[in-house]
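Participant: Using only what follows, build the 3D model:
(chains A and B, ligands or ions: 2)
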Amino acid sequence: MVSKKKLQFKAKLLYNKREKGSFFRLKILAPAIAASCLPGQFVTLRLTDGCQPLLRRPFSIHRISGSGVEILYELVGRGTQILSQKRPGEYLDIIGPLGNGFNYPLSAIRYPLSILVAGGMGVAPLLFLAERLAYSVERRAHSKGRLYAKRYPLNAFVLIGAKNKNQILCEKEFRKFGCTVKIATDDGSKGYKGKVTQLLQHLLSTIDHRLSTIYGCGPRPMLKEISRICQRRNLAAQLSLEEHMACGIGACLGCAVDTKEGYKTVCKDGPVFDADRIIWEAE
Amino acid sequence: MKLSVNIGKLKLKNPVMVASGTFGYAGEFAGFIDINKLGAIVTKTITLKPRPGNPAPRTCETPAGMLNAIGLENPGADAFLKEKLPALNKIGIPVIASIAAETPGELKEIINLLNDAQVNAIELNLSCPNVKSLQSTISGSPLIAQDAQATHNWVRAVRKATRKTIIAKLSPNVADIAEIALAAQRAGADAVSLINTITAMSIDTKTRRPVLANITGGLSGPAVRPVAVRMVWEAYQKIKVPIIGMGGIMDVQSALEFFIAGASAINIGTANFINPRASIEIISGLKQYLKENKIKDINNLIGSLRT
Ligand SMILES: Cc1cc2nc3c(=O)[nH]c(=O)nc-3n(C[C@H](O)[C@H](O)[C@H](O)COP(=O)(O)OP(=O)(O)OC[C@H]3O[C@@H](n4cnc5c(N)ncnc54)[C@H](O)[C@@H]3O)c2cc1C
Ligand SMILES: Cc1cc2nc3c(=O)[nH]c(=O)nc-3n(C[C@H](O)[C@H](O)[C@H](O)COP(=O)(O)O)c2cc1C
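Facilitator: Ligands and ions are numbered 1, 2, ... in the order given. Here you go, the predicted structure:
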């Protein structure tokens, strides 16, 4: 799905807190972005006025609350280090919403299963998607002159994979939206011991998964494996890809991804792609 | 206060353009700035046939700069003329088509196509570090712009084939930029653009692999600015045709360095990625600078270096 309007402005930081370990969550006041963005879209932030780091940094839109946009991020280098030190009240140069998000059913009541597969930070855009999926089963109805929301059960699984239990994020939030959450950790400290893609295979062999859609976000090897699993079972999958980005708006052609239609840009044509279009590199 | 400058037959209402390969085909920036405030647009380099470009990763950040190895990805001349140019023309400012070719035959064909098209000038990219040109492999160097004779031959070929304004875009990967700029001038170039990116590389020490799939790429951004300013100054002392200066211009201060060193106009490149409004902000910054310093005409600033 696309929302075409692009905005650049200085947005006020509302909060910026350590979630756990090296993971942070921030919220910025960005009413125009909050009003128009879609799950899977991202923003870019300029972290200094100087040139270290020089380029803007891309972050998925994690949640919308009121006029605020939330970002969930991991401290991995200089840029995210600087970001983690910004204080509420400071202003950040933001551009967004950017890219094409997930294509999800706007009314999911009659729709079959959604399976969301997140590796590590991959939970970031998928929580926003889960929230919108939860809306999609909500129906507003009038009864005795009163408007009320009726929520049908959401038919969605969320599979979260990480190195260990300390790196599992957003489990509670996904549950709150009515998703069934399953966890996989490399060391077995929580949930299934192994890869989240093994968990996916397991799930697919135990449920009726016809017509379900898989949404994936995480490290490239994980996405490649999801793509392989879905191809074998003839399932549709939408994957959110990452690539080194310079401009974030489709101008520099830096973030190339090889597809059956030739090179596409992650920032403008993606970041969400249909899994069956992507040409994965050989092992 | 006069901001307008002339580049060959081209009259620019102000000397600020956007650099080839950093502004797409302008559409990407429509949501951010009023594009018709720019002096001109230089397109991404166009080749006769479409080029797919290089595999990823194509970019990486370096101290105060970035590397790119896009590999001249472009849809080819036909698609450019049909799909991109009409929208560019609608903006209402001069369009400078950047071109590259692998053979003299291709060069002729692409010039013929452009002669009939609504492009206001041709920038001949002689300096892209990422493609190996046939001509220059024969003469033993990887870029046309690294060889004065090859530069002369290519510019000459374009001069013979078109009456449009020709800008020769030169490479900084040379020992003597003035010598190459002179060769371009002698062959009939109306102006020279400098600098293109500096060939560079970056290594991931964990994997011991190059960060870019192409191994080497072109360095741009503030890191290259002092090199670019020096080259503009060196060329300015030797040539008569106007110089279009670029390399790491981020703001009005860095833009001014180029004019003072001898550039008649400037290109904004990498800065577009960091601040899509950079070019527009630089135009208003230049106006303010001229006003504050009581300089009536930007042409009086060009080459005004005091030594
Ligand atoms: C569309 C998109 C959405 C993203 N969403 C999120 C998010 O919601 N939360 C989050 O924490 N991170 C997200 N990222 C990744 C995030 O942009 C990088 O972690 C961040 O730019 C690192 O900046 P740094 O200066 O701290 O690290 P650097 O010092 O720049 O890099 C640290 C490491 O990360 C790698 N890296 C840097 N930029 C990228 C990139 N764009 N893609 C892949 N690897 C990169 C570097 O090669 C290096 O190994 C997203 C990336 C993309 C492309
Ligand atoms: C991503 C990227 C793509 C570029 N593509 C081209 C190109 O197609 N043709 C060209 O002549 N120069 C190209 N350049 C070089 C720029 O036009 C400019 O000469 C150079 O980047 C120096 O200016 P800057 O430091 O302001 O970016 C490219 C630069 C970048 C960063």
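Participant: Now do the most centrally placed residue in chain A against residue A:216, distance only.
Facilitator: Among the residues of chain A, the smallest C-alpha distance to the mean C-alpha position (CA atoms, centre = their mean) belongs to residue A:125, namely 1.6 Å. Spatial separation of residue A:125 from residue A:216 under the definition CB to CB, to the nearest Å is 10 Å. Every residue, glycine included, has its C-beta placed from N, CA and C.
Participant: where do the contact lists of the two overlap?
Facilitator: A shared contact of residue A:125 and residue A:216, defined by CB atoms under 8 Å, 6 or more residues apart in numbering or on different chains, is any residue touching both; here these are residue A:240.
Participant: Residue of chain A nearest ligand 2, please.
Facilitator: residue A:252 (3.9 Å; CB to the nearest ligand atom).
Participant: do the same with chain B
Facilitator: Distances from chain B to ligand 2, computed as CB to the nearest ligand atom, single out residue B:21 as the nearest residue at 1.9 Å.
Participant: what's the neighbour count on that residue?
Facilitator: Other residues lying near residue B:21 total 27 when counted by other CB atoms under 10 Å in any protein chain shown.
Participant: Export only the CA atoms of the one helix or strand residue B:283 maps to, formatted as PDB.
Facilitator: Remark: residue B:283 resides in helix B:278-292, with elements defined by DSSP states H and E. Included here for helix B:278-292 are C-alpha records, laid out as PDB according to Å, rounded to 0.1, in the frame of the first residue of the first chain:
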ATOM      1  CA  ALA B 278      19.800  22.000   0.600                       C
ATOM      2  CA  SER B 279      19.900  23.400  -2.900                       C
ATOM      3  CA  ILE B 280      17.100  25.900  -2.200                       C
ATOM      4  CA  GLU B 281      18.600  26.900   1.100                       C
ATOM      5  CA  ILE B 282      21.900  27.600  -0.600                       C
ATOM      6  CA  ILE B 283      20.200  29.800  -3.200                       C
ATOM      7  CA  SER B 284      18.700  32.000  -0.500                       C
ATOM      8  CA  GLY B 285      22.000  31.900   1.400                       C
ATOM      9  CA  LEU B 286      23.900  33.200  -1.600                       C
ATOM     10  CA  LYS B 287      21.400  36.100  -2.000                       C
ATOM     11  CA  GLN B 288      21.900  37.000   1.600                       C
ATOM     12  CA  TYR B 289      25.700  36.800   1.300                       C
ATOM     13  CA  LEU B 290      25.800  39.100  -1.700                       C
ATOM     14  CA  LYS B 291      23.500  41.600   0.000                       C
ATOM     15  CA  GLU B 292      25.400  41.600   3.200                       C
END
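Participant: ok, residue A:239 - contacts?
Facilitator: Taking CB under 8 Å, 6+ apart as the contact definition, residue A:239 lies against A:215, A:216, A:217, A:223, A:226, A:227, A:272, A:273, A:274, A:275, A:278.
Participant: ok, these vs chain B, which is closest?
Facilitator: Out of the contacts of residue A:239, the one with the shortest distance to chain B is residue A:278. That distance is 11.9 Å, counting by CB to the nearest CB.
Participant: Need the pLDDT of the closest one.
Facilitator: Residue A:278 carries a pLDDT score of 95 in this model.
Participant: next one: residue A:110
Facilitator: On the pLDDT scale, residue A:110 is placed at 60.
Participant: ditto for residue B:133
Facilitator: We have a pLDDT of 47 for residue B:133.
Participant: low pLDDT regions in chain B?
Facilitator: When residues are selected by pLDDT under 70, those of chain B lie in B:128-141.
Participant: Give me the subset of the contacts of residue A:239 lying in helices.
Facilitator: Secondary structure of the contacts of residue A:239 is defined by DSSP state H; positions in helices are A:223, A:226, A:227.
Participant: buried residues in stretch A:266-278?
Facilitator: Within stretch A:266-278, the residues that count as buried by 16 or more other CB atoms under 10 Å in any protein chain shown are A:266, A:267, A:268, A:269, A:270, A:271, A:272, A:273, A:275, A:278.
Participant: And for stretch B:282-302?
Facilitator: B:282, B:283, B:285, B:286, B:289, B:290, B:295, B:298, B:299, B:301, B:302.
Participant: so the fourth one makes contact with residue B:16?
Facilitator: Yes - at 7.2 Å, residue B:286 counts as touching residue B:16 under the criterion of CB atoms under 8 Å.
Participant: who's residue A:265 bridged to?
Facilitator: According to DSSP bridges, the residues that bridge with residue A:265 are residue A:256.
Participant: still on that earlier bit, out of the ones in helices among the contacts of residue A:239, which comes closest to ligand 1?
Facilitator: Checking those one by one against ligand 1 (CB to the nearest ligand atom), the nearest turns out to be residue A:223, at 12.5 Å.
Participant: the strands in the stretch 101-250 of chain B, which residues?
Facilitator: If DSSP state E, counting those that start in this stretch is used as the criterion, the strands of the stretch 101-250 of chain B fall at B:121-125, B:165-169, B:191-194, B:198-201, B:203-204, B:209-210, B:216-220, B:243-245.
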